[in-house]
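Colleague: Just the structure for this:
(one chain, ligands or ions: 1)
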Amino acid sequence: MSMNAVCKVGLVGAGVVGGGVAETILARAGLLARRSGVHIDLVKVADKDQPRAYAAGVPKDRVVDDFRAVVDDPEIRIVAELMGGTGVACDVVMSALAAGKHVVTANKALLAERGRDIFAKARDKNLVVAFEAAVAGGIPLLLALRDGLVANRMQSLLGIVNGTCNYILTEMTGKNLPFEGALKEAQRLGFAEADPSGDVDGKDSGHKLALLSALAFETWIDFSRLHIEGIKNIRDIDIRIASNLGYTPKLLGVIRAEPRPSSSEEGGRGEVAENGRLFLSVHPALLRTSHPLAAVSGSMNAVETEGDAVMESMFYGRGAGRYPTASAVVSDIVAVAKSVVFGGPGPAWFPPEKNAYRIAPFTDYQARYYLRFVIRDKPGVLGTLATVLGARNVSIAAMHQFEADRFDGLASVCLITHSAREGNLSQAINDISALDILHEPPVLIRIEG
Ligand code: HSE
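Modeller: The predicted model follows:
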């Protein structure tokens, strides 16, 4: 194998991630060439803010301010889009593919919202769009799901895929902080952005879940219809109560296939089960403190999967940050470069042309629930709560009432339910809310795992 093979690469965006990628490629060119047999030649870096690229060590004569100079360069075989967003970034990716270049991107929002068009274009042109860094940053999760676990029908996936939210919830739990206090601390330490909404509202996790659904469950979802709840309404009092009950709060992305398909149903002809349903959701959830994901603290990410052959697997690592993300992007660049130079499909992925599952309505979601009601402390109120829940087929597994303060006449009641249907539970909550026995809106947190 020749060690002289060269693959020319262009990069668009030299911010935190793009700068880290440029720096890594330039500083480790020898190591990458030794390990892959290809010299990765970073020939152009585009950024409107050119000094950012200089700061990453890119020679001035390789820095341009217009992405078209990268996309139009006939020598460049791989374009890494690392600017983020769904506007210009989409033009970068589409025009790179139109120009016959492979694409590497960390852009989860773009792929979750426009992935079908982008992958269709790549397929037409026989090109690769590699996106390891788009989900769980530095963890080689997509590599594992696409290649390492290719023989499995995935049955479920539970993921902590947003480090900002995990950091905030960890601080709230460990230091008894309210959400706002933990967010401020996260911002001060650089774990949360000045505008944290994309993270704390759950949208970033939703984008990643959409990609995991396509990759591991052969099912694209219409992102705008994904059930997403963020962590802004999680109260420190519920974290304290839940901790005492043996639970830890996490923002989870959940995918569950139903029915659990048997490996015999395919018959070896590559067709997929069309009648199964897929449940997808992003929501704050309580996990038993002994659950492996409950131990994933701070800004770390982790994903637990269950495949029908391999059973449970766990992937853990850093989901964000300059170098962890660069680690994944450079891995994609090297894999694509190897396929350019030596042939083979590289990290090509064949996205579903037809969904393997129907998306289940969220009202059919099943979970156990933590519920907290602040009720007027009068005779019969507790009985009414239990009766209404029972009438909607929600069964109570545990209950605790905190003694009323005799001056305000209010009592807090916490309930843990048996597994119940989301639609029934929300009808019960509506019924209870209409009864004038509540002092404030009820709290509902799903219990997973
Ligand atoms: N902002 C994300 C996080 C990383 O906090 O994990 C990029 O998706």
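Colleague: Going by C-alpha atoms from here, please, whenever you check contacts or count neighbours.
Modeller: OK.
Colleague: OK, contacts around Glu403?
Modeller: The neighbours of Glu403, taking CA atoms under 8 Å, 6 or more residues apart in numbering as the test, are 411-412.
Colleague: Okay, and it sits in which element?
Modeller: Glu403 is located in strand 396-405, with elements delineated by DSSP states H and E.
Colleague: what's the offset of that strand from the middle of its chain?
Modeller: 35 Å (CA atoms, centre = their mean, to the nearest Å).
Colleague: buried set for that strand?
Modeller: The neighbour-count check on strand 396-405 (16 or more other CA atoms under 10 Å) flags Ile396 as buried.
Colleague: who does it pair up with?
Modeller: Using DSSP bridges, strand 396-405 pairs in its sheet with strand 410-417 (antiparallel).
Colleague: Mind exporting the C-alpha coordinates of the strand holding Glu403 to CSV?
Modeller: The C-alpha coordinates for strand 396-405 follow below in CSV (Å, rounded to 0.1, in the frame of the first residue of the first chain):
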residue,chain,number,x,y,z
ILE,A,396,-51.2,3.9,41.6
ALA,A,397,-48.1,2.0,42.6
ALA,A,398,-46.9,4.2,45.4
MET,A,399,-48.1,7.3,47.2
HIS,A,400,-46.7,9.8,49.7
GLN,A,401,-48.5,12.8,51.1
PHE,A,402,-46.5,15.6,52.8
GLU,A,403,-48.2,17.0,55.8
ALA,A,404,-50.1,20.2,55.3
ASP,A,405,-48.9,23.4,56.8
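Colleague: For Lys121, see how far away Val103 is.
Modeller: 11 Å (CA to CA, to the nearest Å).
Colleague: okay, and the common contacts of the two?
Modeller: Common neighbours of Val103 and Lys121 (CA under 8 Å, 6+ apart) are Leu97.
Colleague: Show me the contact partners of stretch 111-130.
Modeller: Residues from elsewhere that reach stretch 111-130 (CA under 8 Å, 6+ apart): 93-94, 97-98, 100-105, 207-208, 210-211, 220, 222-223, 332, 336, 346-349, 351.
Colleague: no no, stretch 355-363
Modeller: Outside stretch 355-363, the residues that touch it by CA under 8 Å, 6+ apart are 217-221, 227, 257, 272-281, 421-424.
Colleague: so how far is it from its chain's centroid?
Modeller: With CA atoms, centre = their mean as the basis, stretch 355-363 stands 18 Å off its chain's centre.
Colleague: Over to stretch 350-366?
Modeller: The chain centre lies 17 Å from the centre of stretch 350-366; the measure is CA atoms, centre = their mean.
Colleague: And Val103 and Lys121? Which one has more around it.
Modeller: Neighbours were counted for Val103 and for Lys121 using other CA atoms under 10 Å; Val103 has more, 27 against 17.
Colleague: Surely the more buried one is within a strand?
Modeller: Yes. Checked against DSSP: H, G, I helix; E, B strand; the rest coil, Val103 lies within a strand.
Colleague: Just list whatever residues bridge to it.
Modeller: When assigned by DSSP bridges, Val103 has beta-bridge partners Val79, Val129.
Colleague: Can you give me the domain boundaries for the chain?
Modeller: Structural domains assigned to the chain are 5-137+323-342, 147-318, 363-447, following automatic domain parsing.
Colleague: any chance of these in a markdown table, plus mean pLDDT and distance to the ligand?
Modeller: Converted to a markdown table, those look like this (pLDDT from 0 to 100; distance: least, CA to the nearest ligand atom, whole Å):
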| stretch | mean pLDDT | distance to the ligand |
| --- | --- | --- |
| domain 5-137+323-342 | 97 | 7 |
| domain 147-318 | 93 | 4 |
| domain 363-447 | 94 | 22 |
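Colleague: And the residue of the stretch 201-350 of the chain that's closest to the ligand?
Modeller: Per CA to the nearest ligand atom, Ala320 is where the stretch 201-350 of the chain lies closest to the ligand, at 4.5 Å.
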